[in-house]
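S.K.: Let's see this in three dimensions:
(one chain, ligands or ions: 2)
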Amino acid sequence: MSQEFDFTDNSHRRYNPLTDSWILVSPHRAKRPWLGQQETPAKSTVPEYDEKCFLCPGNKRVTGGANPKYESTYVFQNDFAAVKIDQPALAVQDSGKDTLKDRLIKVQGVRGNCFVICFSPKHNLTIPQMAVKDLFTVISTWQGLYNDLAKQARDDNKPFKYLQIFENKGTAMGCSNLHPHGQAWCLEEIPSEVSQEFKSFDKYKHAHNADLLGDYVKLEMEDRSRIVLENDSFLVIVPYWAVWPFETMIVAKTKTPSIAHFTDKQKEDLASMMKQLTVKYDNLFETSFPYSMGLHQAPLNATGDELNNAWFHMHFYPPLLRSATVRKFLVGFEMLGEPQRDLTAEQAADRLRKLDGVHHYTENL
Ligand SMILES: [Zn+2]
Ligand SMILES: [Zn+2]
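M.R.: Numbering: from 1, shown residues only. Ligands and ions are numbered 1, 2, ... in the order given. As a prediction, this is how the structure comes out:
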């Protein structure tokens, strides 16, 4: 066969340089008819205030305390934190004798603290429905928390090393409370996903004397086929190696290690990108689009390689595949072999790019 390789039809594997892993792409399968169920999503009218919600202003929380009557973004310590400050420290144990236990059973204690961030006092206001100036406040709150925890680690020796800020949106992602909120978990260790990225950044820098994401931004700005949105400070792209059908990244165009280094202009630009991207997401299947999203950045009080290699970016991992109710599952070959997708990253970017920037989905308003 002397046919040319067709990336919109022939199966191929794409390399993810951040995680050092491969993704199987089967673009010919995007053409097959959908035989599964196509339900109409249940329309719900979410009220602006819900007396049963643990997160609404003035309401009682599970543990008995009450929220203040907050009027803007509000942060509090998670009542059911995954990590706690007050427990004994436990370092990785190693007898130095290369025992089976040394080889195979590794454990370390981990301390930290967890926070909940209510984006707005309104129970029904999701990120795409918020004003850019209010998203600016959310970003300032993240920045304040990052700086405050870094200071506590420096001045009070608190076990805080990495702050993972994220949002889990929608029941499809297992989110248990509809009130739009994010979380921030601060651990004394760098979690695996982030630590793998730092290894990749380091390896790339040694091999090419350049920043992995800096180079990737250059490449995407020349190619343009995977760019969904762009402003002065950020690119929104469907990464070449995306796993989820409409996965995106918001990447800083210039080297910015963390949110602590943001100028007001960058905060405005990030607020604008978050708004525009999530509006497109809602418009895609005319539903309040579920996702897990989060910030990747420098560890708290980073110095040396950690500071030099860090490059601020956000990942959005949405599960929906072809409608408000048909989602992608990572099962079968994907659990046992490697992740697989049908739609190419370029096709997904094209669909997102063409979507309107005006919010059409209004069932929540
Ligand atoms: Zn609420
Ligand atoms: Zn990342």
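S.K.: C-alpha only now, for contacts and for neighbours.
M.R.: OK.
S.K.: Which of the three states applies to the single nearest residue of the stretch 151-300 of the chain relative to ligand 1?
M.R.: Taking Cα to the ion, ligand 1 has its nearest neighbour within the stretch 151-300 of the chain at H179, 4.3 Å off. The assignment at H179 comes out as coil when based on DSSP: H, G, I helix; E, B strand; the rest coil.
S.K.: what about it, how many residues close to it?
M.R.: A count of nearby residues for H179, using other Cα atoms under 10 Å, gives 26.
S.K.: got a list of what it touches?
M.R.: When contacts are counted by Cα atoms under 8 Å, 6 or more residues apart in numbering, H179 touches 53, 55-56, 118, 122-125.
S.K.: repeat for L213
M.R.: 251, 311.
S.K.: Quick check: phi and psi on it?
M.R.: Per-residue torsions, L213: phi -70, psi -30 (degrees, to the nearest 10).
S.K.: Could I get the pLDDT score of it?
M.R.: At L213, the model reports a pLDDT of 98.
S.K.: what's the distance between it and R353?
M.R.: Using Cα to Cα, to the nearest Å, one gets 22 Å for the distance from L213 to R353.
S.K.: And for N308?
M.R.: 33 Å.
S.K.: correct me, but R327 touches L320?
M.R.: Yes. Using Cα atoms under 8 Å, R327 is in contact with L320, at 4.1 Å.
S.K.: and the stretch 51-200 of the chain, which residues reach ligand 1?
M.R.: For the stretch 51-200 of the chain, the contact set with ligand 1 under Cα under 5 Å from the ion comprises 53, 55-56, 123, 179.
S.K.: can you list the weak-confidence ranges in the chain?
M.R.: For the chain, the stretches with pLDDT under 70 are 1-2, 32-44, 361-365.
S.K.: Try it again at 80.
M.R.: 1-2, 30-45, 172, 174, 176, 360-365 (pLDDT under 80).
S.K.: Would you map the helices across it?
M.R.: Listed in chain order, the helices of the chain (DSSP state H) span residues 100-104, 132-156, 192-208, 212-223, 264-285, 304-309, 333-336, 345-354.
S.K.: who's in contact with stretch 291-301?
M.R.: Contacts to stretch 291-301, defined as Cα under 8 Å, 6+ apart, come from residues 146, 149-150, 154, 160-170, 173, 190, 194, 257-259, 306-307, 310-319.
S.K.: go with 7 Å
M.R.: For stretch 291-301, the external contacting residues (Cα atoms under 7 Å, 6 or more residues apart in numbering) are 150, 161-170, 173, 194, 257-258, 306-307, 310-319.
S.K.: Next: stretch 11-24.
M.R.: Here stretch 11-24 makes contact (Cα under 7 Å, 6+ apart) with 25-27, 196-197, 200, 241, 243, 338-341.
S.K.: From the residues of the stretch 51-200 of the chain next to ligand 1, list the buried ones, please.
M.R.: Among these, those buried by neighbour count (16 or more other Cα atoms under 10 Å) are 53, 55-56, 123, 179.
S.K.: got a markdown table for those, with distance to P299 too?
M.R.: Below are these laid out as a markdown table (distance: Cα to Cα, whole Å):
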| residue | distance to P299 |
| --- | --- |
| C53 | 33 |
| L55 | 28 |
| C56 | 31 |
| H123 | 32 |
| H179 | 29 |
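S.K.: In strands, which of those appear?
M.R.: Nothing among those maps onto strands, per DSSP state E.
S.K.: which of those lies closest to H208?
M.R.: H179 (45.3 Å; Cα to Cα).
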